[in-house]
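*Asks:* take a look and give me a structure for this.
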Amino acid sequence: MKTILAPVDFSAATKHVVAEATTLARALDGRVVLLNVTTPIVFVSDFIDPRENAAAITEQEMQAAARRLSALEDKLENEFARVDSIQLSGLPVPLIIEQAKKLPADYIVRGSHGHSAFYDLVAGSTTSGVVKRAPCPVIIVPVGRLKHRKTARSLPAVELEPLATSLGPP
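*Replies:* Below is the predicted model:
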């Protein structure tokens, strides 16, 4: 059985990534492993104690992501039986690569947000980092180009609560 690793961040790319991953898994009689990586918050300020706030916010983000990951996994299990999920905290690229090796994944399906080259240069690109270090083929879903495309393969949209609302007031 083939293993399709689908890193999800609950952005607009998630529904497209999941649709492509499940389509591939069905075609290959495989399973989908959803992976969510929450990046710990880092504050740089002279006015607050960053350790307390960062830990609390990261914990809230982990809890919100766990709820959304569970809901997504439940929805997919109803439509596609072979689904697992993993939630981690840390830097996305090394953890995606680590999980791809550990599973082992036959494919990684990753969304591309379509940021500019300048953005990728300054902020970096998770997709680019995964492509460079992946131990298996990486399928990139160009989300920016798919916004207006409707396909028979697309899954119904999964309601994802905005992260900001789950964290409460700033």
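*Asks:* quick one: low-confidence ranges for this protein?
*Replies:* Under the criterion of pLDDT under 70, the regions of the chain flagged as low confidence span 42-52, 113-124, 144-170.
*Asks:* buried residues of the helix ranked longest in it, list them for me.
*Replies:* Ordering each helix of the chain by length in residues (DSSP state H) puts helix 50-79 first. Counting neighbours by 16 or more other C-beta atoms under 10 Å, one finds that the buried residues in helix 50-79 are 58, 60, 61, 62, 64, 65, 68, 69, 72, 75, 76. In this view, the C-beta of every residue, glycine as well, is placed from N, C-alpha and C.
*Asks:* mind listing what the closest residue to residue 76 other than its chain neighbours touches?
*Replies:* In space, and not counting its chain neighbours, residue 76 is closest to residue 83: 4.4 Å by C-beta to C-beta, 6 or more residues apart in numbering. Residues touching residue 83, when contacts are defined by C-beta atoms under 8 Å, 6 or more residues apart in numbering, comprise 31, 32, 33, 34, 73, 76, 77.
*Asks:* could the residues you listed go into TSV alongside distance to residue 89?
*Replies:* Below are those laid out as TSV (distance: C-beta to C-beta, whole Å):
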residue	distance to residue 89
31	24
32	21
33	17
34	16
73	18
76	22
77	24
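*Asks:* pick the one among the residues you listed closest to residue 20.
*Replies:* Of all the contacts of residue 83, residue 20 sits closest to residue 32, with 10.1 Å by C-beta to C-beta.
*Asks:* hmm, back to that, which helices and strands sit right next to the longest helix of the chain?
*Replies:* On a contact count with 3 or more C-beta pairs under 8 Å, 6 or more residues apart in numbering; DSSP states H and E, helix 50-79 meets helix 13-27, strand 31-38, strand 83-89, helix 163-167.
*Asks:* residue 126 contacts residue 91, doesn't it?
*Replies:* No. Residue 126 sits out of contact with residue 91 when judged by C-beta atoms under 8 Å, with a separation of 9.2 Å.
*Asks:* when the two are compared, which one has more neighbours?
*Replies:* Taking other C-beta atoms under 10 Å, residue 126 and residue 91 do not tie; residue 126 has more neighbours (21 against 13).
*Asks:* I'd like the distance between the more buried one and residue 13.
*Replies:* Using C-beta to C-beta, to the nearest Å, one gets 11 Å for the distance from residue 126 to residue 13.
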